[in-house]
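**Student:** Just to be clear, the model below is a prediction. Sequence and coordinates:
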Amino acid sequence: MAWFKKTRKPIASATAEKPSRVPEGLWVKCPGCTQLIYKNDLEQNVNVCPKCAHHFRITSAERLKALFDNGEYVEHFTNLTSTDPLQFTDTKPYRDRLQKTIQATGMNDACVVATGRMDDLDIVVAAMEYQFIGGSMGVVVGEKITRAIEMAIERRQPALVISSSGGARMMEGALSLMQMAKVSAALARLDRARLPFISILTDPTTGGVTASFAMLGDLNIAEPKALIGFAGPRVIEQTIRQKLPDGFQRSEFLLEHGMLDLIVDRRDMKAVLSRALRFMRAEPVRSEPQPVAVGALTGSADGRR
Ligand SMILES: [Zn+2]
């Protein structure tokens, strides 16, 4: 036996950790201004860089917490899961991918439906989760958003959808495309019931989500510098054989070209939303909690115009 042979294994490096959007550790380097930010400061600031206002991507839970009073809300339809109707396999079976994502995120699909109070206004919110297979819209996401809208109609409360999605979920094929029509039809019913719908577009909102409900809001509000589009820039460049302008498919470009109504900093989002809803005649709940059946909005209840 050689004298200098390594018999023990070298110390393993801790590289193969799961990826997270806000890096682990006490300090975070901002991709906007390359400054180091103390992680606590970042969290206090709803994950917006205090120096350059770069908006870090956040989870649906963090979003809902920031939006609702005292961070309190009730989740609905949590037990819905995809059944892999096409028994689809790409690089690996869809069923395995689902299983793994459910374990990693602790969620059953890429959407959370929540109800609660925002600045004393009763609201129904559906928030999409990008960590769950790119926030893709499959049957479950479509169903949950539809149910959220129906719940808003039933309770006569405003509906909000926070989009963060790569588009339709290709592993569910045409079934995922049908969700575009289903959600849009539910929104038409909400409109007939004269209830407001606010669409909040965050980084990124693309594909079938942009092509349906994300652009159907009475107000379409985006976060700064969010990527919003239908097809990706490379596909468009190849199709039209032209170089695309700088900042194409970012919130600011879209606002300038009339695709959006507002760009709102995440730190002001709650205040802007509640002001907008009050302008749309949502009525605050003044006294102690009341049963949900009491309408928070005025207007005709029969839903006909
Ligand atoms: Zn920064």
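**Tutor:** All right, it came through fine. Numbers count the residues shown, from 1 in each chain.

**Student:** Residue ranges in the stretch 201-305 of the chain under the pLDDT threshold?
**Tutor:** 286-305 (pLDDT under 70).

**Student:** any idea which helix or strand carries the residue in it that the ion sits nearest to?
**Tutor:** Closest to the ion within the stretch 201-305 of the chain is Lys225: 11.5 Å, counting by Cβ to the ion. (Each C-beta comes from the backbone N, C-alpha and C, glycine too.) Using DSSP states H and E, Lys225 sits within no helix or strand.

**Student:** Now do the helices in this structure.
**Tutor:** With DSSP state H as the criterion, the chain has helices at 39-44, 60-67, 94-105, 139-155, 173-192, 207-210, 233-240, 251-256, 269-279.

**Student:** tell me which parts of the stretch 51-200 of the chain are close to the ion?
**Tutor:** The stretch 51-200 of the chain comes close to the ion at residues 51-52, 54, as judged by Cβ under 5 Å from the ion.

**Student:** quick one: which of those residues has the most company?
**Tutor:** His54 (18 neighbours; other Cβ atoms under 10 Å).

**Student:** Return the per-residue confidence for the residue nearest to that residue when sequence neighbours are not counted.
**Tutor:** Nearest residue to His54 in three dimensions, chain neighbours excluded: Gly32, at 3.0 Å (Cβ to Cβ, 6 or more residues apart in numbering). Looking at Gly32, its pLDDT is 92.

**Student:** same thing with Gly166?
**Tutor:** pLDDT, Gly166: 94.

**Student:** give the contact list for the closest residue to it other than its chain neighbours.
**Tutor:** Closest residue to Gly166 apart from its sequence neighbours, by Cβ to Cβ, 6+ apart: Gly134 at 3.7 Å. For Gly134, the contact set (Cβ atoms under 8 Å, 6 or more residues apart in numbering) comprises 110, 165-166.

**Student:** What subset of the residues you listed is buried?
**Tutor:** For the contacts of Gly134, a burial check counting by 16 or more other Cβ atoms under 10 Å picks out 110, 165-166.

**Student:** Strands - which of the residues you listed land there?
**Tutor:** Judged by DSSP state E, the subset of the buried ones among the contacts of Gly134 located in strands is Ser165.

**Student:** what's the neighbour count on Gly142?
**Tutor:** Number of residues near Gly142 (other Cβ under 10 Å) recorded here: 28.

**Student:** meant to ask about Leu190, not that
**Tutor:** Leu190 has 22 nearby residues by other Cβ under 10 Å.

**Student:** Please look at it and Ala152 and confirm they touch.
**Tutor:** Yes - using Cβ atoms under 8 Å, Leu190 is in contact with Ala152, at 6.2 Å.

**Student:** any residues in contact with both of the two?
**Tutor:** In contact with both Leu190 and Ala152: Ala159, using Cβ under 8 Å, 6+ apart.

**Student:** before we move on, the earlier item: now render the contacts of Gly134 as CSV, adding distance to Thr7.
**Tutor:** Formatted as CSV, the contacts of Gly134 follow (distance: Cβ to Cβ, whole Å):
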residue, distance to Thr7
Ala110, 48
Ser165, 52
Gly166, 48
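
**Student:** wait, which of these is closest to Ser212?
**Tutor:** Using Cβ to Cβ, Ser165 is the member of those that sits closest to Ser212, with 10.7 Å.

**Student:** For Asn86, list the residues it contacts.
**Tutor:** Careful, residue 86 is Leu and not Asn. When contacts are counted by Cβ under 8 Å, 6+ apart, Leu86 touches 94, 171-173, 175.
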